[in-house]
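**Q** Here you go, sequence then predicted model.
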Amino acid sequence: MDDQIEYIWQQTILDAFLSPPREAPAKIEIAERTILARLTQSGNLDQGERAALEDAWRTLQVLISEAKSQRAEHSRDGKKEMARNSASDRADEAQS
C-alpha cells in the first residue's frame, strides 16, 4: 500500500486515477461503491475519515466528468475520421 494512503479504501480511488482509459470505467465504479459502502458504515467513521471520504467523492466526480468528456471527444473524432474515409473512398471510386 502507498505511504500516502491513510485509509485502505483510498487505494481504490488511486487505482481509478491511475488506470488506463479502457479500464477506467470499471475502476471508477469500484471506487464509487467502496466510498458509498464506507459511508453507510457511518457509526465507525471519525471526522477525519468522513472528510476524506467526502473529498474522495468530489474528486471522483471530477474524474467521471473528465472521462465522459474524453469519450465524447473520441466519439466525435471517430465520426469525423469515418466521414473523411468515406469521402476518400467515394473519390477513389469516382476516379476508377
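**A** Arrived safely. Numbers count the residues shown, from 1 in each chain.
**Q** Mind checking the pLDDT average for the helix or strand encompassing Ile35?
**A** Following DSSP states H and E, the helix or strand that holds Ile35 is helix 24-40. Averaged across helix 24-40, pLDDT comes to 94.
**Q** Count residues in the vicinity of Leu60, would you?
**A** Leu60: 19 surrounding residues under other C-beta atoms under 10 Å. C-beta: built from backbone N, CA, C; applies to glycine.
**Q** Could you look up the SS state of Arg22?
**A** Following DSSP: H, G, I helix; E, B strand; the rest coil, the label given to Arg22 is coil.
**Q** What's the local residue count around it?
**A** Neighbourhood size, Arg22 [other C-beta under 10 Å]: 7.
**Q** quick one on the thing from earlier: helices or strands up against the helix holding Ile35?
**A** On a contact count with 3 or more C-beta pairs under 8 Å, 6 or more residues apart in numbering; DSSP states H and E, helix 24-40 meets helix 10-18, helix 47-95.
**Q** Lowest mean pLDDT across these, which one is that?
**A** Lowest mean pLDDT within those: helix 47-95, a mean of 78.
**Q** separation between the closest residue in space to Ala56 that isn't next to it in sequence and Leu45?
**A** Distances taken as C-beta to C-beta, 6 or more residues apart in numbering put Ile13 closest to Ala56, at 5.0 Å, once the chain neighbours are dropped. Counting by C-beta to C-beta, to the nearest Å, the separation of Ile13 from Leu45 is 16 Å.
**Q** neighbour count winner among those two?
**A** More crowded of Ile13 and Leu45, by other C-beta under 10 Å: Ile13, with 26 against 15.
**Q** what about Lys68, distance to Glu6?
**A** Distance from Lys68 to Glu6, by C-beta to C-beta: 29 Å.
**Q** Ala72 too?
**A** Separation of Ala72 from Glu6 (C-beta to C-beta) stands at 35 Å.
**Q** got it, and Glu54?
**A** Counting by C-beta to C-beta - Glu54 and Glu6 are separated by 14 Å.
**Q** OK, contacts around the nearest residue to Glu32 once chain neighbours are set aside?
**A** Leaving aside its sequence neighbours, Glu32 sits nearest to Leu60 (C-beta to C-beta, 6+ apart; 6.4 Å). Contact analysis of Leu60 by C-beta atoms under 8 Å, 6 or more residues apart in numbering lists 13, 16, 28, 31-32, 35.
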